[in-house]
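Participant: using only what follows, build the 3D model:
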Amino acid sequence: MIASGATVLAVDDDPDDRFLLEQAWRQAGIGNPLRTIDDGPGLVDYLSGSGAYSDRTRYPLPAMILLDIKMPGMSGLDVLKWLRAQESLRRVPVLILTASTAPTDVTEAYRLGASCFFIKPSALDELIELLKAVKNCWLRFNQFPEI
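Facilitator: Now for the predicted structure:
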């Protein structure tokens, strides 16, 4: 179980998708703080505690990551590969949340260590329903390793 105060990071390059995710997060009644990041290099900086993210009090390590895979520059799959190569971060659960339905993306995400693969709903009510499932399964009942 993740403590209600533990931070969850969401990484998505689309500002509209980030806005919808934040709205759905609140409407799903999830008490964990959600921080959004707009690209892969930003997530690497956050997780590395470098640059603007050096203050771990303000930018704590996340208990879980929601990751889009179709991003310019450093894709979500590139980020996942980097993340799983970091000894101190490799156990952070990564839930893929993407519009991609390509079987190759699903296979590659799991090969690289994704915890699960969700297709991003386009309707707000469906996104809320998905996040309620994440809340119950991943944040409430799932047991996580120490990070």
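Participant: helices of this protein, residue ranges please.
Facilitator: Secondary structure of the chain (DSSP state H): helices at 15-27, 40-48, 76-84, 103-111, 124-134.
Participant: mind checking which of those is nearest P33?
Facilitator: Closest approach to P33 among the helices of the chain (C-beta to C-beta): helix 15-27, 9.4 Å. Bear in mind the C-beta positions are built from the backbone N, C-alpha and C, glycine included.
Participant: got a list of what the spatially most central residue of the chain touches?
Facilitator: For the chain, the residue nearest the mean C-alpha position is L66 (1.6 Å; C-alpha atoms, centre = their mean). Contacts for L66 (C-beta atoms under 8 Å, 6 or more residues apart in numbering) come out as 8-12, 21, 95, 97.
Participant: excluding covalently adjacent residues, which one is nearest to it?
Facilitator: Ranked by C-beta to C-beta, 6 or more residues apart in numbering and with sequence neighbours excluded, the top spatial neighbour of L66 is A10, at 4.2 Å.
Participant: can you check Y59 too?
Facilitator: Once flanking residues are discounted, Y59 sits nearest to Y53: 4.4 Å by C-beta to C-beta, 6+ apart.
Participant: sounds good, over and out.
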